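Q: what follows is a protein structure lacking sequence information:
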Ligand code: PAF
């Protein structure tokens, strides 16, 4: 593993690799790595000759300054973790850790991306500018790393749809590899934000996944609206059924059942297309916004 902080140094390494005909895999991250990220990096090292892992907390995708300030930054531990991964097909892993000035040398980027219906639901209206900010940084990373494949986790399900739309817009021949969610033993979807949960909140958080799993069973015999209502009610009243310390409670922001490809909400299970339906949830707990999905 080699750490690179300068864009010019990354470009030089990529040009050399391209001249040798090597295939490059890119794993974009914001650091604070956990087993979910490591599974993406491991897969990328199996499927490519050179892997670039970017670790960059991208300020322009945060529409909430407090969330940006509180985002965990654990770069030394992250680099150590990447160093522990077994070598596979990729003989080299480059950890790209630019500063904000290095990533955006001309100041805050002015370009704005629009993706139509896939960004007009769920996270889109609730986090204005978020997906455009993600697209700006991901495109820059694509330009720098020139990957054959790019790896993203399915926990950020809508982000994957947006990046797919970005690739269609910019017509880069990059294969988007969507990787399954990695969960803790108790079912909680791994997320860098989990480390901000108090021990009591961390103990409560697996109820999100447990509720979604029950929802998947209910979907066999209940209609979409009933399942949606049940999920929201179950989480909102969780603290009444299971009394919690310090007034801890779930505050669901949304639970939406959408077509797996178009991300448009469906009212009837039969309206889902060839890849079925997905339930996407955002829930506040202990001042932390958690997201998760369930496939129906
Ligand atoms: O999913 C993330 O961690 C970020 O949105 C990404 C893709 C690294 C862009 O900053």
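A: Done, it's in. Predicted model, so just to flag it, every value in this text is computed and none were measured. Residues are numbered from 1 along each chain as shown.

Q: where does the stretch 151-296 of the chain dip in pLDDT?
A: Judged by pLDDT under 70, the stretch 151-296 of the chain has no weakly predicted residues.

Q: how about the helices in it?
A: 157-170, 199-204, 206-218, 224-236, 238-241 (DSSP state H, counting those that start in this stretch).

Q: now those helices in a markdown table, with mean neighbour count?
A: C-beta here means a position set from N, CA and C on the backbone, and glycine is covered the same way. Shown next, in a markdown table, are those (neighbours: other CB atoms under 10 Å):
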| stretch | mean neighbour count |
| --- | --- |
| helix 157-170 | 19 |
| helix 199-204 | 16 |
| helix 206-218 | 18 |
| helix 224-236 | 17 |
| helix 238-241 | 13 |
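
Q: of the ones you listed, which is nearest residue 290?
A: With CB to CB as the criterion, residue 290 lies closest to helix 206-218 of the helices of the stretch 151-296 of the chain, at 6.3 Å.

Q: surely residue 186 touches residue 207?
A: No. Contact criterion CB atoms under 8 Å: residue 186 and residue 207 do not qualify, at 9.6 Å.

Q: quick revisit: select, out of the helices of the stretch 151-296 of the chain, the one closest to the ligand.
A: Ranking the helices of the stretch 151-296 of the chain by proximity to the ligand (CB to the nearest ligand atom) places helix 157-170 first, at 5.7 Å.

Q: pull the residues that contact that closest one.
A: 113, 115-116, 118-119, 121-124, 131, 134-135, 138-139, 142, 150, 152, 154, 174, 176, 178, 261, 263, 278, 280, 293 (CB atoms under 8 Å, 6 or more residues apart in numbering).

Q: now stretch 270-282
A: With CB under 8 Å, 6+ apart as the criterion, stretch 270-282 contacts 122-123, 126, 157-158, 208, 212, 215-216, 219, 224, 227-228, 231, 252-262, 266, 269, 289-296.

Q: give me the buried subset of those.
A: Among the contacts of stretch 270-282, those that count as buried by neighbour count (16 or more other CB atoms under 10 Å) are 122-123, 157-158, 208, 212, 215, 219, 224, 227-228, 231, 252, 254-260, 266, 269, 289-294, 296.

Q: and residue 3, what are its phi and psi?
A: Backbone geometry at residue 3, expressed as degrees, to the nearest 10, gives phi -90, psi 130.

Q: residue 37 too?
A: Dihedral angles (degrees, to the nearest 10) for residue 37: phi -60, psi -40.

Q: for the nearest residue to residue 286 once chain neighbours are set aside, what are its contacts?
A: Closest residue in space to residue 286, ignoring its immediate chain neighbours: residue 201 at 3.6 Å, by CB to CB, 6 or more residues apart in numbering. Contacts for residue 201 (CB under 8 Å, 6+ apart) come out as 248, 285, 286, 288.

Q: hang on, the second one packs against residue 244?
A: To tie it back to what came earlier, the one meant is residue 285. No. Applying CB under 8 Å, one finds residue 285 not in contact with residue 244, separated by 9.9 Å.

Q: joint contacts of the two?
A: Common neighbours of residue 285 and residue 244 (CB under 8 Å, 6+ apart) are residue 204.

Q: the two - which one has more neighbours?
A: residue 285 (25 against 17; other CB atoms under 10 Å).
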